[in-house]
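Asks: Mind looking at a prediction? Sequence and model below.
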Amino acid sequence: MVRKFNDLQQLNTEAAELFVRAAQTAIAQHGRFTVALTGGTSPAGLYRLLASSPYRDQVRWEQVYIFWGDERWVPLDDERSNAQMAFETLLSHVPIPQSQIFPMWADGISPDDFAREYEQLLRLHLSSEGSFDLVLLGMGADGHTASWFPHTGVLHEYDKWVAAYYLNAQDMYRITLTVPLVNRANQIIVIAYGANKANALYEVLRGERNAEQYPAQLLPTTGDRITWFVDEAAAEKI
Ligand SMILES: O=C1O[C@H](COP(=O)(O)O)[C@@H](O)[C@H](O)[C@H]1O
């Protein structure tokens, strides 16, 4: 489902309401809420809303388990860290036990080994079906989502749940949940706004099939498990 907004505040408000509903449903059904956060600039407004009244008080944070959908392989105090942004805008403002927050970073380990350990961690914490209650995502102007960048091998990784690889274009390692794990989630929210996303949004949602070039095409295309929250500028061509 695509939900279009002319006001960013309204987009974030409705995304926050969906987050809260997903949390309440998961906690009522199985006593915990497992969520993968996204990075980049797009989710900051949503995170700030979730950290403030009334949403903050509508979630039982002590039953929430926080993971990431993807990460730049940099220390937590590096300003490029997706986790750092989430701590600043959300996680340091809600009563969630530190032991239930799992950033995609550790010192003194290779990205490949870390990815294997993160997968084991997920196997311990996710439902028996191996699915998240909610995966939050953004989309870059090049049509990538998570760290599924155009023309990278990770787009074809269907065995692992978590993968690490060196992204030449950015001269850094990336860690990411893989396509099958993301697509098994009970709910997926994608946030994309701004005119610079208009072309990619058109190609991903309405263009010819070309997931190598527009990896967000690998997300589920139908059904009510996925909701795209987009603004008028990003939706200009669809
Ligand atoms: O590099 C990344 O970019 C995407 C999109 O970022 P945005 O700044 O355009 O919102 C993001 O979803 C991903 O988590 C991040 O690692």
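Replies: Noted; the coordinates are in hand.

Asks: Only C-alpha atoms from now on, for both contacts and neighbour counts.
Replies: Noted.

Asks: Distance check, the spatially closest residue to residue 233 that is not a sequence neighbour against the ligand.
Replies: Distance criterion Cα to Cα, 6 or more residues apart in numbering; nearest residue to residue 233, sequence neighbours excluded, is residue 195 at 4.7 Å. Separation of residue 195 from the ligand (Cα to the nearest ligand atom, to the nearest Å): 11 Å.

Asks: Phi, psi for residue 195 please.
Replies: Here is the backbone geometry of residue 195 (degrees, to the nearest 10): phi -60, psi -30.

Asks: okay, now it: neighbour count?
Replies: Burial of residue 195 is recorded as 16 neighbouring residues (other Cα atoms under 10 Å).

Asks: same deal with the one 4 residues further on?
Replies: Burial measure for residue 199: 18 neighbouring residues, criterion other Cα under 10 Å.

Asks: wait, what's in contact with it?
Replies: Contact analysis of residue 199 by Cα atoms under 8 Å, 6 or more residues apart in numbering lists 141, 234, 237.

Asks: Looking at neighbours, which among those residues is most surrounded?
Replies: Busiest of the contacts of residue 199 [other Cα under 10 Å] is residue 234, holding 23 neighbours.

Asks: Isn't it up against residue 194?
Replies: Yes. Taking Cα atoms under 8 Å as the definition, residue 234 is a contact partner of residue 194 at 5.0 Å.

Asks: Grab the longest helix from this structure for me.
Replies: For the chain, the longest helix by residue count, based on DSSP state H, is helix 8-30.

Asks: Is there proximity between that one and the ligand?
Replies: No. Against the ligand, helix 8-30 shows no contacts by Cα under 6 Å from any ligand atom, the least distance being 13.3 Å.

Asks: what residues does that helix touch?
Replies: The contact list for helix 8-30 (Cα under 8 Å, 6+ apart) reads 4-5, 32-33, 45-46, 49-50, 55, 58-60, 63-64, 133-134, 187, 189, 229-231.

Asks: which SS class is the closest residue to residue 192 other than its chain neighbours?
Replies: Spatially, and ignoring its direct neighbours in sequence, residue 192 is nearest to residue 230 (5.0 Å; Cα to Cα, 6+ apart). Going by DSSP: H, G, I helix; E, B strand; the rest coil, the secondary structure assigned to residue 230 is strand.

Asks: so residue 230 bridges to which residues?
Replies: Going by DSSP bridges, residue 230 is paired in beta bridges with residue 4, residue 192.

Asks: Against residue 205, how distant is it?
Replies: 12 Å (Cα to Cα, to the nearest Å).

Asks: if you count what's nearby, which of those two comes out ahead?
Replies: Ranked by neighbour count (other Cα under 10 Å), residue 230 and residue 205 place residue 230 first, with 26 against 16.

Asks: What count of nearby residues applies to residue 167?
Replies: By other Cα under 10 Å, the residues close to residue 167 number 15.

Asks: who touches the residue nearest to it when sequence neighbours are not counted in this structure?
Replies: Distances taken as Cα to Cα, 6+ apart put residue 173 closest to residue 167, at 5.7 Å, once the chain neighbours are dropped. Listed by Cα under 8 Å, 6+ apart, the contact partners of residue 173 are 72, 73, 111, 164, 165, 166, 167.

Asks: was I right about the last one contacting residue 174?
Replies: Yes. The pair residue 167 and residue 174 passes the contact test of Cα under 8 Å, sitting 6.6 Å apart.
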